[in-house]
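[1] what's the 3D shape of this:
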Amino acid sequence: MKHVTPEDISKDQEFIARLTAIRQDIHAHPETAYEEVRTSAIVAAFLEGLGLEVHRGLGQTGVVATLKGTRPGQKSIALRADMDALHITEDTGVPYSSTVPGKMHACGHDGHTTMLLGAAEKLAATPDFAGTVHFVFQPAEEGGGGADAMIKDGLFDLFPTDAIYGVHNDPMQPLGQLTTRVGPYTSASDEWEVVFEGTGGHGASPESGTDPTVAAGQFMASLGNVVSRKVALTDWAVVSIGHVAGGERQSPNIIPAKVMVAGTARSYIPEVRDTLEREITRLAEGCAVAGGVAAHVSYERGYPPLLNTAGEVAVTGRAHTAAVGEALTMTEAPAIGASEDFAYYLEKIPGAYVSIGNGDGPGAAFIHTPKFNFNDDLIPIGVAFWMNVVAEELGAVD
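    Numbering: from 1, shown residues only. Predicted coordinates for the structure are as follows:
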């Protein structure tokens, strides 16, 4: 099986035009977590048209298609694309803007889906490899944990897989720039909430009650010490406050009975994650005791840290270098603070998750903003990358 380049893919102008039309159609009809009914129907019909074995309904709206190579081989790999959109009102002005009020593809999942469909078509036309490829189209990456849902529905039981790969676009990088790394690449994303509860009272007589604002203030002032004093300098973590609520603005003379403080905690290492949960809880309870009030603490773990495995990162590096050259391939990139539910797959099997530049450069609209739009010039690069991953994993590369 030969490596391919984006130029090889772009020679088929009709193919690129069809994929672009699919991408823009999906963009115009965004569907959020677990509502990807139309999108998954388009995906399933496309894959069935290629003659692939297609399974619908994993993780509610997920789609998995299987392609077996013409050479004998037992290894199987999975290639994953996410399909869901976000609750954001689009402001791009493109002709194919969202037709659904309050929803848009502000993260490029329309492009991710399209690139994997294109790779499936090209690979199905010439399956000159040894083994099996599973094309995984996942719902609900944006906070809905679609990867976990597909796993719990039996993804790896129904489709035994030796390694899995994922791609995300990055509008802050030049077109085609790959970034990834071995080990922690995206962070765990947790949410915490503390409700400090006292009796409240009149501001003129604070001694007559218990004041939760004092405990809440001490907690907020001391929260930075959780990282600076409990996490090693060689590790990384951040704890941020995102919401504070207490009392009524119309009654500033009244001490509230409750004050709520909530925020996020991010980390890369499971042990550090445990430390953050333990120390935020301990600090809140300590401040409450000192203030003579109660602290009700909840710590909700979101997506785990995404831990790429070394062999699979090497595969992505070779595949991308063959597509666009070594200068645009960075496999020792810094970790990023965002979170990604692809991490759930990597808790089960080896794999690698990479970012590929969307080509808009500095000053471009970032993901999760009303002006973001996937760059269709990335489509042939993505298709070539996926095909080269298959060549590296399952093909005797020519």
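
[2] Excluding chain neighbours, what is closest to the spatially most central residue of the chain?
    Nearest residue to the geometric centre of the chain (C-alpha atoms, centre = their mean): residue 340, 2.7 Å. Nearest residue to residue 340 in three dimensions, chain neighbours excluded: residue 186, at 4.6 Å (C-beta to C-beta, 6 or more residues apart in numbering). (C-beta placed from N, C-alpha, C; glycine too.)

[3] In this structure that neighbour contacts residue 355, no?
    No: taking contacts as C-beta atoms under 8 Å, residue 186 lies outside contact range of residue 355: 9.5 Å.

[4] got any residues that touch both of these two?
    residue 336 (C-beta atoms under 8 Å, 6 or more residues apart in numbering).

[5] coming back round to it: please report how far the residue nearest to the centre of the chain lies from residue 305.
    Residue 340 sits 10 Å away from residue 305, going by C-beta to C-beta, to the nearest Å.

[6] shared neighbours, these two?
    By C-beta under 8 Å, 6+ apart, the residues touching both residue 340 and residue 305 are residue 186.

[7] Which segments of this protein make up each domain?
    With domains defined by automatic domain parsing, the chain comprises 6-186+306-394, 188-301.

[8] What ranges does the stretch 201-350 of the chain have for its helices?
    Assigned by DSSP state H, counting those that start in this stretch, the stretch 201-350 of the chain shows helices spanning 212-222, 224-230, 270-291, 310-324, 343-346.

[9] ok, and what's touching the last one?
    Same thing as helix 343-346. 78, 80, 145, 147-148, 151, 164, 166, 186, 188, 303-309, 351, 353.

[10] for the helices of the stretch 201-350 of the chain, which one sits closest to residue 138?
    With C-beta to C-beta, the closest approach to residue 138 among these belongs to helix 343-346: 9.3 Å.

[11] May I have that closest one as PDB, with CA atoms only?
    This file holds the C-alpha atoms of helix 343-346, laid out as PDB (Å, rounded to 0.1, in the frame of the first residue of the first chain):
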ATOM      1  CA  ALA A 343      -9.400  10.100  26.400                       C
ATOM      2  CA  TYR A 344     -12.000   7.400  27.300                       C
ATOM      3  CA  TYR A 345     -10.800   5.300  24.300                       C
ATOM      4  CA  LEU A 346      -7.200   5.500  25.400                       C
END
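
[12] Quick one: mean pLDDT over it.
    Here helix 343-346 scores 98 as its mean pLDDT.

[13] Now do it: distance to the chain's middle.
    11 Å (C-alpha atoms, centre = their mean, to the nearest Å).

[14] go on, stretch 41-55?
    Taking mean C-alpha positions (C-alpha atoms, centre = their mean), stretch 41-55 and its chain are 24 Å apart.

[15] From the opening residue of that stretch to its closing one, how far?
    11 Å (C-alpha to C-alpha, to the nearest Å).

[16] How about stretch 44-58?
    Termini of stretch 44-58 sit 12 Å apart (C-alpha to C-alpha).

[17] Next: stretch 98-118.
    Note: stretch 98-118 ends 23 Å apart using C-alpha to C-alpha.

[18] Enumerate the positions of it that are buried.
    By neighbour count on 16 or more other C-beta atoms under 10 Å, the buried set for stretch 98-118 is 98, 103-118.

[19] same thing with stretch 158-170?
    159, 161-170.

[20] Likewise for stretch 268-281?
    268-269, 272-273, 275-277, 279-281.

[21] Would you map the helices across the stretch 1-150 of the chain?
    Using DSSP H, counting those that start in this stretch, helices in the stretch 1-150 of the chain cover 6-10, 13-28, 37-49, 109-125, 146-152.

[22] what distance separates the first one from the centre of its chain?
    Relative to the mean C-alpha coordinate of its chain, helix 6-10 is positioned 28 Å out (C-alpha atoms, centre = their mean).

[23] Could you give me the buried positions within it?
    Buried residues in helix 6-10 (16+ other C-beta under 10 Å): 6, 8-10.

[24] Format the residues you listed as CSV; extra columns: pLDDT and distance to residue 225.
    Formatted as CSV, the buried residues of helix 6-10 follow (pLDDT from 0 to 100; distance: C-beta to C-beta, whole Å):
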residue, pLDDT, distance to residue 225
6, 98, 50
8, 98, 56
9, 98, 53
10, 98, 54
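
[25] Which one of those is nearest to residue 206?
    Nearest member of those to residue 206, counting by C-beta to C-beta, is residue 6, at 68.4 Å.

[26] who's in contact with that closest one?
    Residue 6 neighbours (C-beta under 8 Å, 6+ apart): 176, 323-324, 380-381, 383-384.

[27] Generate a markdown table for these, with secondary structure and pLDDT as supplementary columns.
    Shown next, in a markdown table, are those (DSSP: H, G, I helix; E, B strand; the rest coil; pLDDT from 0 to 100):
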| residue | secondary structure | pLDDT |
| --- | --- | --- |
| 176 | coil | 97 |
| 323 | helix | 98 |
| 324 | helix | 98 |
| 380 | helix | 98 |
| 381 | helix | 98 |
| 383 | helix | 98 |
| 384 | helix | 98 |
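
[28] Now that we have those residues, which of them are buried?
    176, 323-324, 380-381, 383-384.

[29] And the strands in the stretch 101-250 of the chain?
    Using DSSP state E, counting those that start in this stretch, the strands of the stretch 101-250 of the chain run over 130-138, 163-170, 178-179, 183-186, 188-197, 201-202, 237-246.

[30] So for residue 361, what's the pLDDT?
    pLDDT, residue 361: 57.

[31] swap that for residue 397, sorry
    On pLDDT, residue 397 comes in at 56.

[32] repeat for residue 51
    98.

[33] okay, now it: neighbour count?
    Close neighbours of residue 51, defined as other C-beta atoms under 10 Å, add up to 10.

[34] pretty sure it contacts residue 121?
    No: between residue 51 and residue 121 there is no contact under C-beta under 8 Å: 10.6 Å.

[35] how far away is the residue nearest to residue 302 when sequence neighbours are not counted from residue 265?
    Spatial nearest neighbour of residue 302, excluding adjacent residues (C-beta to C-beta, 6+ apart): residue 189 at 4.2 Å. According to C-beta to C-beta, residue 189 and residue 265 sit 8 Å apart.
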